[in-house]
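*Asks:* heads up, no residue letters with this:
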């Protein structure tokens, strides 16, 4: 209610009163009619004061909004450098140890572009490893998080294969085809079980990161293979971005 009053009602009142006073000024100066209706001096002063205060608040809001927008734009490069970058050191993300030199893509809605923030991988979208890494029992060169797709580093026989059972509405081992032979460069598809957590406790906060991240490849269920590759965007280049019109 207070937010509506300050952000909508007060500015609107200022605009309406200012327009009404301008119209009244024209009426007072140039309209000549018998028994002309006029505001009392006290009422006119009161309306001018109220309109002035409302207009000042409108100006303050416009200035603050412009400043916030400018700050957000100025920090865009900082945010981008933390969304697409080369990992400077080995980083433990849940069960997965990501080696230094890996290319990281992530999305962080909690990043306001502060100049200095500790290294974080929460909001991980994709990663291309600096060297092949074992993930969920397969040797991988890259992975995409949603949906979970893992790019294979070499030819591999992968199992057990899981299928969705409509009767039980669960993923179960495929007894007809327990394993699959997949080729280098193909994508291994995985079903990622939900890891329970306290949603209310994390509202408005970044999810856990580092070793505490909810990233558990040991729980993933292999579904099959398809042609790849996984797409990972290049690291942010400040000089190239500045040269782009």
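*Replies:* That came through fine. Not measured: the values here are computed from a predicted model.
*Asks:* what pairs with the strand or helix carrying residue 188, and is each one parallel or antiparallel?
*Replies:* Applying DSSP states H and E as the criterion places residue 188 in strand 187-191. Paired neighbours of strand 187-191 in the sheet (DSSP bridges): strand 149-152 (antiparallel), strand 221-226 (antiparallel).
*Asks:* Grab the most central residue of the chain for me.
*Replies:* Centroid-nearest residue in the chain, with Cα atoms, centre = their mean: residue 109, separated by 3.5 Å.
*Asks:* if we can go back for a sec, can you list the buried residues in the strand holding residue 188?
*Replies:* By neighbour count with 16 or more other Cβ atoms under 10 Å, strand 187-191 contains the buried residues 187, 188, 189, 190. Every residue, glycine included, has its C-beta placed from N, CA and C.
*Asks:* Now the helix or strand following it: average pLDDT?
*Replies:* For strand 187-191, the succeeding helix or strand toward the C-terminus, using DSSP H and E, is helix 199-202. Per-residue pLDDT values across helix 199-202 average out to 84.
*Asks:* Distance-wise, check the residue lying farthest from the centre of the chain relative to residue 78.
*Replies:* Distance from the centre of the chain peaks at residue 34, with 65.0 Å (Cα atoms, centre = their mean). Going from residue 34 to residue 78 by Cβ to Cβ, to the nearest Å gives 69 Å.
*Asks:* Check which helix or strand residue 15 maps to.
*Replies:* helix 10-30.
*Asks:* how far does that helix sit from the chain's center?
*Replies:* In terms of Cα atoms, centre = their mean, to the nearest Å, the centre of helix 10-30 is found 43 Å from the chain centre.
*Asks:* ok, residues contacting that helix?
*Replies:* Around helix 10-30, the neighbours that count as contacts under Cβ atoms under 8 Å, 6 or more residues apart in numbering are 38-39, 44, 47-48, 50-51, 53-55, 57-58, 61.
*Asks:* again, but for stretch 35-49
*Replies:* Contact with stretch 35-49 is made by 17, 20, 21, 24, 28, as judged by Cβ under 8 Å, 6+ apart.
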